[in-house]
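Participant: predicted model follows, preceded by the sequence.
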Amino acid sequence: VLGLNAVHLLDPASSRSSFGGFGGGLLGIASRAADAPLLPEGPPSPADVDAACLERQKAILLMPGYTPAERDARMDELEMARRILRDERRRAQYDMLLVHLRRGLYGAGRLDGLRHLQDLVRADVAEERGEAPPLEQGMALLKQGQGFLDARLPREALEPLRRAVAALPPSAEAHATYVRAPPAAD
């Protein structure tokens, strides 16, 4: 969505022969001509992500033919992608999904994993706006947090439980479960 190629996920050996499929152009020609590959060491930096997002946002704002609703939807997509790529944990999840999708693996909940990342970003945006999650989402977050605790993954349980407490302030169960998570995460 942002126009950033995930070249940090490629094998250095395979990237020389198939680099054109992932952006190619002058960078591909230069990497084949040089002794050492020009592939980045890791994912794009937050500054690179922000710059790419800003460039795309400008292009969408200046592009004729979009209705205001379509323009807003595209801007929301860009912001969602920016937030996923800037967050280290979400970026790692996204990278694994991308590797699997490039291999043609779409099953086993991989598309649901992408939807989950998008839902996390939507929840962040709603929280920043001061909106409380709906009751149903609060119950789902509580179950998810309890599942993480049962699976002995307390660090992963912290965020869903924090959001569950925000969505279900009178729930003693949500508060008690959230209080259990930090000591287990240490």
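Facilitator: Thanks, I have it.
Participant: every contact and neighbour count from this point should use C-alpha atoms.
Facilitator: Will do.
Participant: identify each buried residue in the helix or strand where residue 56 lies, please.
Facilitator: Using DSSP states H and E, residue 56 sits within helix 46-62. Going by neighbour count (16 or more other C-alpha atoms under 10 Å), the buried part of helix 46-62 is 49-50, 52-54, 56-57, 60.
Participant: greatest separation within those residues: which pair is it?
Facilitator: When the buried residues of helix 46-62 are compared pair by pair using C-alpha to C-alpha, the two farthest from each other are 49 and 60, 16.5 Å apart.
Participant: low-confidence bits of the protein, can you list those?
Facilitator: Low-confidence segments of the chain (pLDDT under 70): 1-41, 105-111, 184-186.
Participant: ranges for the helices of it?
Facilitator: Taking DSSP state H to define them, one finds helices in the chain at 12-18, 25-33, 46-62, 68-86, 88-102, 110-128, 135-150, 154-167, 172-185.
Participant: out of the ones you listed, deepest packed?
Facilitator: Taking mean count of other C-alpha atoms under 10 Å as the contact definition, the stretch among the helices of the chain with the greatest mean neighbour count is helix 154-167, which reaches a mean of 22.
Participant: ok, residues contacting that one?
Facilitator: Residues outside helix 154-167 that contact it (C-alpha atoms under 8 Å, 6 or more residues apart in numbering) are 132-135, 137-142, 144-149, 171, 174-175, 177-178, 181-182, 184-185.
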